[in-house]
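Student: Have a look; sequence and predicted model below, questions after that.
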Amino acid sequence: MVKSTIISNLAEELWLSKKLTAELFNAMLKKIEVGVKKQWEVKIQWFGVFKKCKRGTIIAVNPYNPKEKIKIPAMNIVIFKAGSEFKGLIN
């Protein structure tokens, strides 16, 4: 499912315009983004937790030349851990 489909479904379910629903949805995503950027754990009850983590340097295999090793530098990544209720819905 893509973002536009989610917005359309929400607008229909909540009897709101697509424009207002898109603004609300984008504002929610922005708040998650800002929270993760500030290194907070963004917890959404029953759904899950978004958080920023540091991933170390990785030595990997070059897909174009399998004999060659490449070094992927350390970087920040976002981790999502699904909540137990959410996991229960999909299993």
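Tutor: On my side now, so go ahead.
Student: What's the first helix or strand after the biggest helix by length in the chain?
Tutor: Using DSSP state H to define each element, the chain has its longest helix at helix 18-37. Using DSSP states H and E, the helix or strand that follows helix 18-37 towards the C-terminus is strand 42-44.
Student: Report the mean confidence score over that following strand.
Tutor: The pLDDT scores in strand 42-44 average 93.
Student: re earlier: other residues contacting the longest helix of the chain?
Tutor: 3, 6-8, 10-11, 14, 16, 42, 50-52, 78 (CB atoms under 8 Å, 6 or more residues apart in numbering). Where C-beta positions appear, they are placed from N, C-alpha and C, glycine not excepted.
Student: Mind checking which of these are in strands?
Tutor: The members of the contacts of helix 18-37 that map onto strands under DSSP state E are 42, 50-52, 78.
Student: Which one (most neighbours) among the contacts of helix 18-37?
Tutor: Ile7 (20 neighbours; other CB atoms under 10 Å).
Student: Which pLDDT value does the model give that residue?
Tutor: Looking at Ile7, the pLDDT reads 96.
Student: can you check Lys19 too?
Tutor: 96.
Student: now do the one 10 residues further on
Tutor: At Leu29, the pLDDT value in this model is 95.
Student: what's the spacing between it and Phe47?
Tutor: Distance, Leu29 to Phe47, by CB to CB, to the nearest Å: 13 Å.
Student: Am I right that Lys54 sits in a strand?
Tutor: Yes: according to DSSP: H, G, I helix; E, B strand; the rest coil, Lys54 belongs to a strand.
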